[in-house]
Structures are given as structure tokens and as C-alpha cells.
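Colleague: Sequence and computational prediction follow.
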Amino acid sequence: MEKKFILSCGSTVDLPYSYCESRDIPVIFYTYVVNGQEYVDDMLRDPDALPNFYRMLDAGALPHTSQVNTQSYIEFFDRLLEKGDVLHIAFGSGLSSSANNALAAMEEAAARHPGRTIRVVDSLAASSGHGLLVDSIADMRDNGASLEEAYQWAEANKLRVNHQFFSTDLTHLRRNGRVSGPAAMLGMLLGICPIMHLNAEGKIIAYDKVRGKGNAVKETLRVMLERAENGDQYDGKCFICHSDSIETAQKLRDMVLQAFPNLKDVRICDIGTIIASHTGRGTVAIFFYGKDRSEFVGEK
């Protein structure tokens with residue numbers, strides 16, 4: 001079936017580039033800076049990029065990420081609009097100004113391409129939650145949905161993408177000032193794991209804490225059972241991503257598959273260098289469709 005529009009996204013979807021390429025989803029790449037040198041978010045095209053990134057973290061580096069500026073978006077949209085109408089799903093504005101830059105670029109790019117249509121969705125999502133939304137819209141596109149149908153669906157459902165995650169390593173959060181030194185030291189000594197989610201504004205909220213990664217996994221599963229569409233009968237898409245914590249991610253996946261008998265599979269992905277620049281190692285996150293995030297009552 002001929003595709004009715006071009007679907008595009010940012011590299012912050014935390015899915016392999018090979019996936020985006022196989023689904024015909026053009027990507028605009030974010031960048032990060034370490035010790036004055038700029039690197040492109042590789043999306044696993046180079047198998048050494050992510051290991052090298054973690055080696056730099058181990059050496060004490062503090063990466064700085066850059067938003068995609070308006071001019072870069074205009075150039076990206078220009079290339080796509082030469083080929084067809086465009087629906088772009090942007091990294092959430094709760095964590096970056098890039099979505100606002102994309103919206104500004106949309107206006108200029110549209111004016112430069114009369115007769116073409118372009119829409120931008122502020123996903124209010126991050127990492128593989130951003131990827132989950134893009135994946136669902138790719139399905140709609142491939143099944144013949146129009147750009148406007150996909151755009152309206154994305155706007156109506158983006159807050160149903162739940163982001164539930166925890167961190168088992170506070171080292172980098174201490175280094176970048178997101179957790180105080182004494183609190184991080186005490187937390188690591190006691191094995192404390194912050195329990196977090198993304199709220200309706202797309203911002204990270206740490207609303208609870210547990211001791212030990214086993215309890216963090218159990219608490220994450222409990223919240224998913226509480227919030228997933230149709231509870232333990234959920235049969236929608238489910239992604240897990242992690243920052244150098246594959247064993248914990250696999251444990252969570254195994255428990256999810258056992259708790260949700262209608263789930264056929266749970267995709268595990270690496271957290272990319274942009275998100276990992278802020279989390280460091282030890283973050284595990286799960287993404288699924290469920291209750292609107294504005295209805296989250298766990299914040300303390």
C-alpha cells in the first residue's frame with residue numbers, strides 16, 4: 001500500500017537506526033559534547049559508540065547535550081517536503097526546547113513549500129516512550145491512515161504513553177547535580193533506587209524510592225498492572241529500555257510477560273547517548289499504553 005505521508009522523528013526515540021530505516025522513518029540527529037568535542041547521537045550504527053560513551057563517563061566526563069535548532073529543522077523539513085507531506089513526532093518539550101524549535105521551523109518550511117502539508121506533534125515523551133508513539137503511528141501510516149488521521153490520533157493519545165522507570169546507580173546523577181553528593185552516597189550505600197515517571201507536562205518526577213533493584217523491578221511491575229490499558233489483560237505494545245543494565249531489563253521483561261499473558265513480546269532497547277548523558281548507567285524504563293498521565297496519583 002502506498003504511504004500517504006512521510007513520518008519522521010528525532011534520534012531520541014531510543015530505537016536502533018536500523019529499525020527506523022526499515023520502517024522508512026527519516027531521523028534528525030541530536031548531538032552531545034564531551035571535553036569540547038561534539039558527537040552525533042549514533043543510534044547504534046557504530047557498535048563501539050555506546051561502549052566508548054560509557055568509558056568516557058567512567059573517566060569522569062560530564063556530557064552536555066544540545067537541542068536541535070530551528071535552522072537545522074528547517075533544512076530537515078525542506079528535504080522531506082520535496083518528497084511529500086510530513087508528520088514529525090518531536091522529542092517532548094518537558095525535557096527539551098527542540099519541540100518548540102520544530103514547531104517554529106514547521107511554519108517557515110510550510111511557507112516554502114506551498115501545496116505540501118506538514119504537522120509537528122510535541123510528543124511530551126522521551127526515550128523509547130517517544131519511540132513507542134512513533135512506532136504506533138508508523139503502523140497507522142502503513143495501514144493507510146491519512147496524515148490528518150495520524151496527527152489527530154497522536155495528539156489524542158500521546159499522554160496515554162506511560163513512562164515508568166528507576167535508577168540503580170546514582171553516580172552520574174550526583175556528578176551532574178541532579179542528586180546531592182551526600183544523598184547519592186547514602187542512597188548507594190543503602191541500595192536506594194528512586195522510582196520515577198514522566199508527568200503530563202513531559203517532566204521527570206521522582207515520586208518514591210525503594211531499597212534494592214529487585215524491589216524497584218517489583219514496584220515498576222505493580223504500577224504497570226495498575227495503569228496499563230485493561231490491567232493484566234493488556235495486549236498492546238510494550239518497550240523497555242536501559243542504560244547499560246541489560247540483566248535488570250531482562251528480569252523486568254520476564255516478569256512483565258508472566259504478569260500479562262496477552263503480551264506476545266516486549267522489545268528491549270538501549271538508552272541512547274542523549275538520554276544517558278543525563279542518567280548515566282543504571283536506569284531501566286518501561287513504556288506502555290494505559291491511563292492518561294494527568295491521572296497519575298503517585299506523586300508525593
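Modeller: Alright, I've got the coordinates.
Colleague: residue nearest the centroid of this structure?
Modeller: Ser127 (1.4 Å; Cα atoms, centre = their mean).
Colleague: Going C-terminal from the helix or strand bottoming out on mean pLDDT in the chain, what's the next secondary structure element?
Modeller: The least trusted helix or strand in the chain, going by mean pLDDT, DSSP states H and E, turns out to be helix 181-190, with a mean of 46. Per DSSP states H and E, helix 181-190 leads on to strand 192-198 as the next helix or strand towards the C-terminus.
Colleague: Partner strands of that next one and their direction?
Modeller: If you go by DSSP bridges, strand 192-198 pairs up with strand 161-167 (antiparallel), strand 204-211 (antiparallel).
Colleague: Dump the C-alpha coordinates for the longest one into PDB.
Modeller: Read that as strand 204-211. This file holds the C-alpha atoms of strand 204-211, laid out as PDB (Å, rounded to 0.1, in the frame of the first residue of the first chain):
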ATOM      1  CA  ILE A 204      10.600  13.700  35.200                       C
ATOM      2  CA  ILE A 205       9.000  13.200  38.600                       C
ATOM      3  CA  ALA A 206      10.800  11.200  41.300                       C
ATOM      4  CA  TYR A 207       7.800  10.300  43.500                       C
ATOM      5  CA  ASP A 208       9.000   7.300  45.600                       C
ATOM      6  CA  LYS A 209      12.100   5.200  46.400                       C
ATOM      7  CA  VAL A 210      12.700   1.600  47.300                       C
ATOM      8  CA  ARG A 211      15.700  -0.400  48.600                       C
END
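Colleague: just the strands paired with strand 192-198: most buried one?
Modeller: Most buried of these, by mean neighbour count (mean count of other Cβ atoms under 10 Å): strand 161-167, with a mean of 27. Heads up, the C-betas are built off the backbone N, CA and C, glycines and all.
Colleague: quick revisit: in terms of pLDDT, where does the residue nearest to the centre of the chain sit?
Modeller: Model confidence at Ser127, given as pLDDT, is 96.
Colleague: cool, and Phe53?
Modeller: pLDDT at Phe53 comes out at 96.
Colleague: With adjacent residues omitted, what lies nearest to it?
Modeller: Take Phe53 and drop its neighbours on the chain: the residue closest to it by Cβ to Cβ, 6 or more residues apart in numbering is Thr273, 5.0 Å away.
Colleague: Repeat that for Phe166.
Modeller: Nearest-residue entry for Phe166: Ala216, 4.1 Å, with adjacent residues in sequence omitted and distances by Cβ to Cβ, 6+ apart.
Colleague: what about the helix or strand harbouring that neighbour, distance to the chain center?
Modeller: Taking DSSP H and E as the criterion, Ala216 maps to helix 213-227. Centroid separation between helix 213-227 and its chain, computed with Cα atoms, centre = their mean, to the nearest Å, is 19 Å.
Colleague: between that helix and strand 204-211, how many degrees?
Modeller: Orientation check (axes from the mean of the first three to the mean of the last three Cα atoms, to 10 degrees): helix 213-227 against strand 204-211 gives 130 degrees.
Colleague: Show me which positions of helix 213-227 end up buried.
Modeller: In terms of neighbour count (16 or more other Cβ atoms under 10 Å), helix 213-227 has its buried residues at 213, 216-217, 219-221, 223-224, 227.
Colleague: now the strands for the protein?
Modeller: 6-10, 27-28, 31-34, 37-40, 64-66, 86-90, 118-122, 161-167, 192-198, 204-211, 238-242, 267-270, 283-289 (DSSP state E).
Colleague: how about a markdown table for these, with mean pLDDT and distance to Pro16 added?
Modeller: Listed next are the strands of the chain as a markdown table, based on pLDDT from 0 to 100; distance: least, Cβ to Cβ, whole Å:
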| stretch | mean pLDDT | distance to Pro16 |
| --- | --- | --- |
| strand 6-10 | 98 | 13 |
| strand 27-28 | 98 | 11 |
| strand 31-34 | 95 | 18 |
| strand 37-40 | 95 | 15 |
| strand 64-66 | 90 | 20 |
| strand 86-90 | 98 | 17 |
| strand 118-122 | 98 | 22 |
| strand 161-167 | 95 | 19 |
| strand 192-198 | 89 | 22 |
| strand 204-211 | 88 | 24 |
| strand 238-242 | 98 | 11 |
| strand 267-270 | 97 | 7 |
| strand 283-289 | 97 | 16 |
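Colleague: Could you chop the protein up by domain?
Modeller: 6-158, 160-295 (automatic domain parsing).
Colleague: any idea which of these scores lowest on pLDDT?
Modeller: The minimum mean pLDDT among those belongs to domain 160-295 (a mean of 87).
Colleague: how close does His113 sit to Gly84?
Modeller: Distance, His113 to Gly84, using Cβ to Cβ, to the nearest Å: 10 Å.
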